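**Student:** coords below, sequence missing:
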């Protein structure tokens, strides 16, 4: 509880900690170990992580990490959202270019980038918060508001589970389209 009080007393400390761990340290480690394969998939998944932390932590924690509403967004929230979106776009472009160069198939690279873009942006930004809020309402309905999970852990777990579902859907779609495109070698 002391950490939460500290985060509430220092503005944006939770966002700063997120950036230090998930935007600097983990990508820095992946880059230093030359694990570019994991890095290009990790960067688009940052959006899902940021959305989950923002929705799960509201209204006290991670408010300025990845705000969903454009209305009444602070400058810190605006900058944070755009930095995370920029990193995700870099990851999507890297993934598309690497696949295009590795297979010499432009269509495969474009389809891979389009699938990743569709999962990372519209689905993670719109459907993931909706799912997390529905789980919260379901918790309220099932337990008649009598049960309160500490620090909204049910929201974090719901976001993590749905993020895994989204990443699995991305993997299945990319694999399916890869097999289809590669089997039809006449597609350029």
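**Tutor:** Perfect, thanks for sending it. Everything numeric here is computed off the predicted structure, so don't read it as measured data.

**Student:** Without its sequence neighbours, what residue ends up closest to the residue minimising distance to the centre of the chain?
**Tutor:** Centroid check for the chain by C-alpha atoms, centre = their mean gives residue 48 as the closest residue, at 1.9 Å. Nearest in space to residue 48, with sequence neighbours left out and distances taken as C-beta to C-beta, 6 or more residues apart in numbering, is residue 163 at 4.0 Å. Yep, even glycine has a C-beta here, placed from its N, CA and C like the rest.

**Student:** need the helices for the protein, in chain order.
**Tutor:** 2-9, 13-18, 26-32, 36-57, 75-103, 106-118, 128-142, 153-183 (DSSP state H).

**Student:** neighbours around the residue nearest to residue 48, how many?
**Tutor:** Neighbourhood size, residue 163 [other C-beta atoms under 10 Å]: 20.

**Student:** Residue 83 too?
**Tutor:** Residues near residue 83, counting by other C-beta under 10 Å, number 15.

**Student:** Confirm for me that it is in contact with residue 23.
**Tutor:** Yes - using C-beta atoms under 8 Å, residue 83 is in contact with residue 23, at 7.5 Å.

**Student:** that older thread, any idea how far the residue nearest to residue 48 lies from residue 12?
**Tutor:** Using C-beta to C-beta, to the nearest Å, we find residue 163 at a distance of 23 Å from residue 12.

**Student:** swap in residue 106?
**Tutor:** 42 Å.

**Student:** Between these two, point out the one with more neighbours.
**Tutor:** A count of neighbours by other C-beta under 10 Å puts residue 12 above the other of residue 106 and residue 12, at 18 against 14.

**Student:** what residue ranges in the chain are flagged as low confidence?
**Tutor:** 1, 3-8, 70-72, 145-149, 185-188 (pLDDT under 70).

**Student:** who's in contact with the residue nearest to residue 48?
**Tutor:** 45, 48, 49, 52, 124, 128 (C-beta atoms under 8 Å, 6 or more residues apart in numbering).

**Student:** Not counting sequence-adjacent ones, nearest residue to residue 49?
**Tutor:** Excluding its sequence neighbours, the residue lying closest to residue 49 (C-beta to C-beta, 6+ apart) is residue 22, at 6.4 Å.

**Student:** actually residue 155, not the one I wrote
**Tutor:** According to C-beta to C-beta, 6+ apart, the nearest residue to residue 155 is residue 56 (3.7 Å).
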